[in-house]
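J.: mind folding the following:
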Amino acid sequence: MKARLATLAGACALVLALAIPASAGAVDSRQVQKTTGAYCKSQKKALGKKAFAKRYGKKGMKACAKKQRKAVEAAFRQAEDDCQAELAEFGEDEFYAEWESFEECVEWYADDYLNPSDPSDDPIDDDEDDDPLV
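T.: Residues are numbered from 1 along each chain as shown. As a prediction, this is how the structure comes out:
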């Protein structure tokens, strides 16, 4: 009887352990699709129609989105992890004083990962104006 209970408890723990990671890293697919589309649109504008078509083929926007989707998803996953860590480190009051919503935090970090050379909208640097070392 004890062996059956131990086996049953182990099986339940295994099922729970396998189920948690699948839902914990879930990224909003609409957000990923929107960001991927915006990225491809800006890339088409930057490269020009001919160069974009040469790079991605006849159905360039679709091919670009398919190629870039994994990178965008990875950026959103990393951004969610960073925002969760920030929320845990600073607490809800301080976190929401900096960010209007959790989604705003995720969007900013994801954008920062996808466009690292654009420091124009860095909210963190706003607080560092009185740093004597700068």
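J.: and for the closest residue to Leu114 other than its chain neighbours, the neighbour number?
T.: Closest residue in space to Leu114, ignoring its immediate chain neighbours: Ala75 at 5.1 Å, by C-beta to C-beta, 6 or more residues apart in numbering. C-beta coordinates here come from the backbone N, C-alpha and C atoms, glycine included. With neighbours defined by other C-beta atoms under 10 Å, the count for Ala75 comes to 21.
J.: and whichever strand or helix holds Ala75, what's buried?
T.: Here Ala75, judged by DSSP states H and E, is contained in helix 60-98. Neighbour counts over helix 60-98 (16 or more other C-beta atoms under 10 Å) mark 60, 63-65, 68-69, 72-73, 75-77, 79-80, 82-83, 86-87, 95 as buried.
J.: okay, stretch 37-44 in PDB with CA atoms only?
T.: Output of stretch 37-44 as PDB, limited to C-alpha atoms (Å, rounded to 0.1, in the frame of the first residue of the first chain):
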ATOM      1  CA  GLY A  37       5.400  42.600 -38.300                       C
ATOM      2  CA  ALA A  38       6.700  46.000 -37.200                       C
ATOM      3  CA  TYR A  39      10.200  44.700 -37.300                       C
ATOM      4  CA  CYS A  40       9.800  43.400 -40.800                       C
ATOM      5  CA  LYS A  41       8.100  46.500 -41.900                       C
ATOM      6  CA  SER A  42      10.900  48.700 -40.600                       C
ATOM      7  CA  GLN A  43      13.500  46.400 -42.200                       C
ATOM      8  CA  LYS A  44      11.700  46.700 -45.500                       C
END
